[in-house]
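K.L.:
Output the structure for:
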Amino acid sequence: MSRAYRITVKESSTRELKGSDEICTQLEVLEILPPERMSELLKKELKEKGFKEEEDGTLTRKEGHITVKVDPKSCEVSVKADVEEEVSIEAKRETFGYDDVGPNQKELRERVKKQLQEDLEKKAEKETERLQGQATEELEKKLCDLQPELSDVVNKVTRQAIKEKAQQMGTVKELSENEETGELTIKIEV
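P.N.:
Numbering: from 1, shown residues only. This next block holds a predicted model:
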């Protein structure tokens, strides 16, 4: 007569999982002045918006999970969302064995453990996908806020560059500026 036995194996794991998403774009800065000067003007405006200058010359600003990085020389903008979370995942499996037929208890336990590890990996992948989706969602929200802000920076840089170029061309007789509409009128005598 064979005896049946049940094997229950439970595994739990705590992991640090990450999800990230990034988008890169270019600022459309007109080359009104030499590139070095345009870069300086852009740097100045970005610093006024809370960006910090890094050792490599780029400017960055971190808000929560979002990092915005601008290279004032190439006018490249990188917006990256990094989401990190410590996640506890569990898996449980049961199997039955019999004394007189099939694999013994040790073999069954090892097979179930292996299946549990696969289950844990699948759950970790799902959690990583969830974090990836969260990062993408946060990035999309940030882009909606960031676009008008960067457009404003580019407009200010362009207006400043035009003013400097006008001074280089001759004597400025009249200058009127409407910051709300972005309208700039300069009369110069050459």
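
K.L.:
Look at the residue minimising distance to the centre of the chain and give its secondary structure.
P.N.:
Centroid-nearest residue in the chain: Lys80, 1.6 Å away (criterion: CA atoms, centre = their mean). On the three-state scheme (DSSP: H, G, I helix; E, B strand; the rest coil), Lys80 is labelled strand.

K.L.:
Is it bridged to anything, and to what?
P.N.:
Glu22, Thr67 (DSSP bridges).

K.L.:
Pretty sure it sits against Lys62.
P.N.:
No. If you go by CB atoms under 8 Å, Lys80 and Lys62 don't touch, sitting 9.7 Å apart. The C-beta positions use only the backbone N, C-alpha and C, and glycine is treated the same way.

K.L.:
Skipping adjacent residues, who's closest to Lys113 in space?
P.N.:
Val9 (5.8 Å; CB to CB, 6 or more residues apart in numbering).

K.L.:
now Glu86
P.N.:
Glu16 (5.5 Å).

K.L.:
immediately after whichever strand or helix holds that neighbour, which helix or strand?
P.N.:
Using DSSP states H and E, Glu16 maps to strand 4-26. Per DSSP H and E, the first helix or strand lying C-terminal to strand 4-26 is helix 35-48.

K.L.:
what's next to that next one, contact-wise?
P.N.:
Defining contact as CB atoms under 8 Å, 6 or more residues apart in numbering, one finds that helix 35-48 is touched by 27, 29, 31-33, 53, 59, 70, 72-73, 75, 153, 156-157, 160-161, 164.

K.L.:
Would you mind writing the CA trace of that helix as PDB?
P.N.:
Presented in PDB, the C-alpha positions along helix 35-48 are these (Å, rounded to 0.1, in the frame of the first residue of the first chain):
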ATOM      1  CA  PRO A  35      27.600  79.600 -30.900                       C
ATOM      2  CA  GLU A  36      29.600  80.300 -27.800                       C
ATOM      3  CA  ARG A  37      27.600  83.400 -27.000                       C
ATOM      4  CA  MET A  38      24.300  81.600 -27.700                       C
ATOM      5  CA  SER A  39      25.400  78.900 -25.400                       C
ATOM      6  CA  GLU A  40      26.200  81.400 -22.600                       C
ATOM      7  CA  LEU A  41      22.800  83.100 -23.000                       C
ATOM      8  CA  LEU A  42      21.100  79.700 -22.900                       C
ATOM      9  CA  LYS A  43      23.100  78.700 -19.800                       C
ATOM     10  CA  LYS A  44      22.200  81.900 -18.000                       C
ATOM     11  CA  GLU A  45      18.400  81.500 -18.700                       C
ATOM     12  CA  LEU A  46      18.400  77.900 -17.600                       C
ATOM     13  CA  LYS A  47      20.200  78.700 -14.400                       C
ATOM     14  CA  GLU A  48      17.500  81.300 -13.700                       C
END
